[in-house]
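Undergrad: Mind looking at a prediction? Sequence and model below.
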Amino acid sequence: MSGEHASMRIIDQYARGDTDIAADELWALEAHLEECRVCRDRLSAAVAAQAPEVTTLVGIVWAGLEPELAAIAPMPYRRRWSARLSTWLTPAMAPWLAMVASVTLLALLLDLMDTGTGQVSPVLLLAPVLPVLGVAASWSRGLDPAYELTAAAPRAGLDLVLRRTAAVLAVVVPVLLAAGGATGVNAAQWLLPCLAFTSTTLALGGVVGVTRAAVALVAVWVAVILAPTLATSRTAVVLQSGGLPGWAAVLALGTGVVITRRGAYSLMGAHR
């Protein structure tokens, strides 16, 4: 890619069907072609010049399809909004987000009722891992029946990862904000761990798969922080104000890894 348009080198390679195009260049070109009419016209000219047999085949297929397509009613405009929404949400995310919101409300009730947890806020304990569940659901091969289509789409890279993560946070963070305000928990104490856990999940997800990374991090949190805190009724140091710089460092590190390994999210392995 060069400037605002794809280079003629990669367009010519794509037109010839070369198999040695780098994966990141291939994904970037196909995503760019969706939006750029100029590059689509250049690709059409390149195909006609370098692969005339493809042009002939496309003409034959189009001649057969055109009468049938002309008889099909245009798609209602409201469905286009549905197609755009699918880049942010999946059907599998809805029940998981509802579950996350329900768990947050339950933690709020336990906090307000003071059911034996002492000085430890259940909202503070659960906030870091709640978004991770939604992020895992949005990339789970077992929960998303359309995961193959998602992984094969030109936009299946970092852009789609960030869209779905943002959709999860858009639901979870306001709920946590309301719960934290009701219990008097400092927003920074749960927000930084929440964002740090999410970025770390995505960072590890580029290596072992988002779902596996989420399960591993939740298990570590339960074993190292949640269980000992409930057993001793004392807030762990990492959840106190003194632990905020550490969470900020984890957030920065996770974000850096995600950006550095952005090409990993175009692979099927990220859906494990």
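TA: Yes, it's here.

Undergrad: wait, isn't V218 in contact with V132?
TA: Yes: look at V218 against V132 with C-beta atoms under 8 Å: they come within range, at 6.0 Å. For the C-beta atoms, the positions are set from N, CA and C on the backbone; glycine is no exception.

Undergrad: and those two? which has more neighbours close in?
TA: V132 (25 against 19; other C-beta atoms under 10 Å).

Undergrad: which other helices and strands contact the strand or helix carrying that one?
TA: Using DSSP states H and E, V132 maps to helix 130-138. Packing partners of helix 130-138 (3 or more C-beta pairs under 8 Å, 6 or more residues apart in numbering; DSSP states H and E): helix 93-113, helix 158-183, helix 187-208, helix 210-221.

Undergrad: Can you list the buried residues in the longest one?
TA: Of the residues in helix 158-183, those buried by neighbour count under the rule 16 or more other C-beta atoms under 10 Å are 158-161, 164-165, 167-169, 171-173, 175-176, 179-180, 183.

Undergrad: one step back: which of the helices and strands packed on helix 130-138 sits closest to T55?
TA: When the helices and strands packed on helix 130-138 are ranked by distance to T55, counting by C-beta to C-beta, first place goes to helix 158-183 at 31.4 Å.

Undergrad: and that closest one, average pLDDT?
TA: Regarding helix 158-183, the rounded mean pLDDT is 77.

Undergrad: ditto for stretch 213-221
TA: When the per-residue pLDDT values of stretch 213-221 are averaged, the result is 88.

Undergrad: List the contacts of that stretch.
TA: Stretch 213-221 is contacted by residues 128-129, 132-133, 135-136, 197, 200-205, 207-208 when judged by C-beta atoms under 8 Å, 6 or more residues apart in numbering.

Undergrad: which among the residues you listed end up buried?
TA: Restricting the contacts of stretch 213-221 to buried positions leaves 128-129, 132-133, 135-136, 197, 200-205, with burial counted as 16+ other C-beta under 10 Å.

Undergrad: Which of the helices and strands in this structure ranks last by mean pLDDT?
TA: Ranked by mean pLDDT, DSSP states H and E, the weakest helix or strand in the chain is helix 77-85, scoring a mean of 49.

Undergrad: quick one on the thing from earlier: kindly reformat the buried ones among the contacts of stretch 213-221 as TSV and extend each row with distance to L239.
TA: Listed next are these as TSV, based on distance: C-beta to C-beta, whole Å:
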residue	distance to L239
P128	8
V129	12
V132	16
L133	19
V135	21
A136	22
F197	12
T200	16
T201	18
L202	22
A203	21
L204	21
G205	24
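
Undergrad: can I get the residues you listed in a markdown table with pLDDT?
TA: What follows is these, written out as a markdown table (pLDDT from 0 to 100):
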| residue | pLDDT |
| --- | --- |
| P128 | 81 |
| V129 | 82 |
| V132 | 81 |
| L133 | 75 |
| V135 | 74 |
| A136 | 73 |
| F197 | 88 |
| T200 | 90 |
| T201 | 88 |
| L202 | 86 |
| A203 | 88 |
| L204 | 88 |
| G205 | 81 |
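
Undergrad: Show me which of these is closest to A28.
TA: Looking at the buried ones among the contacts of stretch 213-221 and their distance to A28, the nearest is L202, at 19.8 Å (C-beta to C-beta).

Undergrad: roughly how far apart are the closest one and C36?
TA: Counting by C-beta to C-beta, to the nearest Å, the gap between L202 and C36 amounts to 28 Å.

Undergrad: swap in T211?
TA: In this structure, T211 and C36 are 34 Å apart, going by C-beta to C-beta.
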